[in-house]
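Participant: Next input, structure requested:
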Amino acid sequence: MLSFSGMQALVAVIEEESFTRAAERLNATQSGVSQQIAKLERRLDVILLQRRSAGVRPTVAGQALYRRSVAVLEEIARAEAEARSYAGSLTGTIRLGLMPALTRSLMGPVLRRFKQEQPNLAVTGVEAVSTELIERVKADELDVAIVPVFDAPPSLRCRAVGSSPEVLVGRGTRHSLHMKPVSLATLGSMKLILQSAGNMRRERILAHLRARGVEIASLMDLDSMFGTLEYAGASDYVTVLPAIMVVPEIEHGTLCVRPISDDGFTLDMMAIEPKRRPESPAIAALVDAFEALLSDGVVRPRSRKQWKRRS
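Facilitator: Residues are numbered from 1 along each chain as shown. Alright, predicted model coming up:
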């Protein structure tokens, strides 16, 4: 029978692409991890890993066993969590990662509600771009993160949590256009602010604009959301943001916010966590809280009526 520790070692080495990093992740020695892999290979009489100067890569057999091992480890973690759930109220600390679009208008209401319902749970919030959040979840530095939907690897457990329409944001002097829908194809030429290259939303937005023949007259890279809002409000540049990011501007009209009428142009989000960690009732409860507020509407009630009336 395959050993639990052997499967853990195989999963760690393949995901980290290194015996050294796998040992650090497992709080073990490199020789110990190597011995676990060697035992698996002897027992199965097959080579599981190819050791190369560029890193460790699984063979076809190694990749097949990796997929099975991830499923087994996930099931064991689920069984442990189910047994522990009978111990009583939820306690502990959750390391939560959020992209800037969610920290401004959603994190506060969610955490206040969650704290009332789960007073014995502490949440440590980290704000970062989605690509960094994904890597930190994979490295076990975060327990859960909410990121745009992407093609996640099998090492991550994923759950859809909701979506937010994308909006065009510019100077607040355009009061007559505030909350009036716009199709990006009608804009002609744009001076646009987006996050820097490599950002998941940036590539999607640029692809959407190219598909509609929109000319980018000037493109500014700016990785600060608050910096982006300030620059758009004081220049002839515009930006594309999730509506959840600009709740105050929608309500008060300090910037010109226009819903984008193009079909399917939304920010779809999901929660991700490592499969190798037990499924946590605490994390599930926290994700439930985010999903509830997102499903309740993009903005607070007064703004939601305004959204429906003008769109």
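
Participant: could you pull out the helices for the stretch 151-300 of the chain?
Facilitator: Secondary structure of the stretch 151-300 of the chain (DSSP state H, counting those that start in this stretch): helices at 200-211, 225-233, 247-252, 281-295.

Participant: model confidence over the longest helix along the chain, on average?
Facilitator: When the chain is parsed with DSSP state H, its longest helix is helix 60-84. On average, the pLDDT along helix 60-84 is 87.

Participant: Could you list the residues in contact with the helix or strand following that helix?
Facilitator: Using DSSP states H and E, the helix or strand that follows helix 60-84 in sequence is strand 92-98. Contacts to strand 92-98, defined as CB atoms under 8 Å, 6 or more residues apart in numbering, come from residues 107, 121-128, 133, 136-137, 141-147, 280, 282-283, 286. Bear in mind the C-beta positions are built from the backbone N, C-alpha and C, glycine included.

Participant: mind checking how far residue 246 is from residue 3?
Facilitator: According to CB to CB, to the nearest Å, residue 246 stands 53 Å off from residue 3.

Participant: now do residue 130
Facilitator: To residue 3, residue 130 is 36 Å away according to CB to CB.

Participant: Isn't residue 67 up against residue 74?
Facilitator: No: contact status for residue 67 versus residue 74: not in contact, 11.0 Å apart, counting by CB atoms under 8 Å.

Participant: neighbour-wise, which of these two wins?
Facilitator: Neighbour tally, residue 67 and residue 74, criterion other CB atoms under 10 Å: the higher count belongs to residue 74, 19 against 14.

Participant: Just list whatever residues bridge to the closest residue to residue 188 other than its chain neighbours.
Facilitator: Leaving aside its chain neighbours, residue 188 sits nearest to residue 215 (6.6 Å; criterion: CB to CB, 6 or more residues apart in numbering). Beta bridges link residue 215 to residue 189, judged by DSSP bridges.

Participant: Let me see the contact set for residue 215.
Facilitator: Contacts of residue 215 by CB under 8 Å, 6+ apart are 188, 189, 190.

Participant: Please, where are all the strands along the stretch 51-200 of the chain?
Facilitator: For the stretch 51-200 of the chain, the strands defined by DSSP state E, counting those that start in this stretch occupy 55-58, 92-98, 121-127, 144-148, 156-171, 189-194.

Participant: is it possible to export those to JSON lines including distance to residue 231?
Facilitator: Converted to JSON lines, these look like this (distance: least, CB to CB, whole Å):
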{"stretch": "strand 55-58", "distance to residue 231": "41"}
{"stretch": "strand 92-98", "distance to residue 231": "22"}
{"stretch": "strand 121-127", "distance to residue 231": "19"}
{"stretch": "strand 144-148", "distance to residue 231": "23"}
{"stretch": "strand 156-171", "distance to residue 231": "10"}
{"stretch": "strand 189-194", "distance to residue 231": "6"}
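
Participant: Let me know which of these is tucked in deepest.
Facilitator: strand 144-148 (a mean of 25; mean count of other CB atoms under 10 Å).

Participant: can you pull the contacts of the closest residue to residue 218 other than its chain neighbours?
Facilitator: The shortest distance from residue 218 to any non-neighbouring residue, by CB to CB, 6+ apart, is to residue 191 (4.5 Å). Contacts for residue 191 were tallied using CB under 8 Å, 6+ apart; they are 217, 218, 220, 235, 236, 237, 238.

Participant: Weed out the non-buried ones from those residues.
Facilitator: 237, 238 (16 or more other CB atoms under 10 Å).

Participant: among the contacts of residue 191, which two are most distant?
Facilitator: Maximum pairwise distance among these (CB to CB): 12.8 Å, between 217 and 235.

Participant: shaky segments in this structure?
Facilitator: 84-91, 174, 296-311 (pLDDT under 70).

Participant: how is it carved up into domains?
Facilitator: Under the assignment automatic domain parsing, the domains of the chain span 4-85, 90-162+267-297, 163-266.
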